[in-house]
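Student: this one's sequence-less:
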């Protein structure tokens with residue numbers, strides 16, 4: 001990847017689903033020329049990843065949160081034992097206060113934490129709503145209420161790779 005960046009084929013280097021240990025392996029690599037600028041990981045109010053977020057902040061690595069609204073309920077690849085995020089009463093109550101959806105509150109929460117979000121939708125109305133999160137801010141109290149929703153449970157477990165020696169989800173963070 002460094003050779004691609006040096007050749008002008010990549011503007012920057014990012015990684016996905018790296019845990020702290022895996023990031024440290026890169027950061028401590030002798031002769032490292034270009035560290036990753038982003039780490040794309042699952043991140044939402046039910047899985048806030050505070051330790052990984054802090055580690056990445058300390059190393060100027062931006063967290064890009066996938067599944068910031070939870071995810072589809074497809075049990076072939078998703079842990080459906082966690083409740084649907086967008087039905088959460090706290091998110092919905094805060095949304096009602098601002099005339100916003102639970103999804104908009106969840107996205108705003110991530111943005112205020114410094115997490116870049118990449119929500120997925122095919123619905124034009126929801127795509128528009130996903131952009132309408134910059135006309136309100138959550139209070140410190142509301143941020144704490146949403147942080148308290150953390151269940152430390154992944155929707156996307158990638159179990160098909162759990163036997164791989166570098167499966168990233170065996171470590172704490």
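Tutor: Thanks, I have it. On a predicted model such as this, the values are computed, not experimentally measured, just so you know.

Student: list of residues touching stretch 22-38?
Tutor: Residues from elsewhere that reach stretch 22-38, judged by Cβ atoms under 8 Å, 6 or more residues apart in numbering: 1-2, 5-6, 12-15, 18, 39, 55-56, 59-64, 116, 166, 168. Any C-beta I mention is one placed from the backbone N, CA and C, and that applies to glycine too.

Student: drop anything exposed from those residues.
Tutor: Buried subset of the contacts of stretch 22-38 (neighbour count, 16 or more other Cβ atoms under 10 Å): 13, 14, 15, 18, 39, 55, 56, 61, 62, 63, 64, 168.

Student: among those residues, which lie within helices?
Tutor: Secondary structure from DSSP state H places 55, 56 of the buried ones among the contacts of stretch 22-38 in helices.

Student: which of the buried ones among the contacts of stretch 22-38 scores worst on pLDDT?
Tutor: Within the buried ones among the contacts of stretch 22-38, the minimum per-residue pLDDT falls on residue 168 (90).

Student: so it touches residue 18, yeah?
Tutor: Yes. Using Cβ atoms under 8 Å, residue 168 is in contact with residue 18, at 6.2 Å.

Student: all strands for this structure, in order.
Tutor: Counting by DSSP state E, the chain has strands at residues 14-16, 38-42, 62-66, 116-118.

Student: including distance to residue 143, could those go into TSV?
Tutor: Conversion of the strands of the chain to TSV gives the following (distance: least, Cβ to Cβ, whole Å):
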stretch	distance to residue 143
strand 14-16	26
strand 38-42	20
strand 62-66	15
strand 116-118	15
